[in-house]
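[1] Got a predicted model here, sequence first, then my questions.
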Amino acid sequence: MVAGADVLLLNEFSPESLATLVPMLCPQAEARPARASIVLAASGGNPADLKLYAKTGVDLNMRSALS
């Protein structure tokens with residue numbers, strides 16, 4: 001975040017881990033200037049757990065599927 005990233009990708013974290021991590025990251029993200037806001041994005045994990053991921057406080061959930 002200090003380097004000026006636009007998005008912080010939190011890949012393959014469980015909902016439980018994100019529920020602990022996101023509150024620690026939010027103060028750092030909010031301390032950046034308004035024009036330099038950062039998106040906390042979760043990816044990976046089980047799509048069936050999407051509601052659990054949504055409750056963690058991340059800004060974005062990314063999922064993919066093989067077809």
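    Cool, the structure landed.

[2] neighbours around residue 56, how many?
    21 (other CB atoms under 10 Å). All C-beta spots, glycine's among them, are computed from the backbone N, C-alpha and C.

[3] quick one: which helix or strand includes it?
    Using DSSP states H and E, residue 56 falls within no helix or strand.

[4] list the contacts for it?
    By CB atoms under 8 Å, 6 or more residues apart in numbering, the contact set of residue 56 is 15, 18-19, 22, 42.

[5] measure it to residue 40 for me?
    9 Å (CB to CB, to the nearest Å).

[6] and for those two, which residues touch both?
    Contacts common to residue 56 and residue 40, judged by CB under 8 Å, 6+ apart, are residue 22.

[7] Tell me the secondary structure of residue 64, please.
    Secondary structure assignment for residue 64 (DSSP: H, G, I helix; E, B strand; the rest coil): coil.

[8] among the contacts of residue 56, which are in strands?
    residue 42 (DSSP state E).

[9] Next, format the contacts of residue 56 as a markdown table and append distance to residue 49.
    As requested, these are arranged in a markdown table below (distance: CB to CB, whole Å):
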| residue | distance to residue 49 |
| --- | --- |
| 15 | 6 |
| 18 | 11 |
| 19 | 12 |
| 22 | 15 |
| 42 | 10 |
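
[10] Tell me which helix or strand residue 13 sits in.
    Per DSSP H and E, there is no helix or strand for residue 13.

[11] To what extent is it buried, counted in neighbours?
    Residue 13 has 19 nearby residues by other CB under 10 Å.

[12] one step back: kindly indicate which of the contacts of residue 56 lies nearest residue 60.
    residue 42 (7.2 Å; CB to CB).

[13] can you pull the contacts of the nearest residue to the closest one once chain neighbours are set aside?
    In this structure, residue 42 finds its nearest non-sequential neighbour in residue 58, 4.5 Å apart by CB to CB, 6 or more residues apart in numbering. Contact analysis of residue 58 by CB under 8 Å, 6+ apart lists 10, 18, 22, 40-42.

[14] Now restrict the residues you listed to buried residues only.
    Taking 16 or more other CB atoms under 10 Å as the criterion, what is buried in the contacts of residue 58 is 10, 18, 22, 40, 42.
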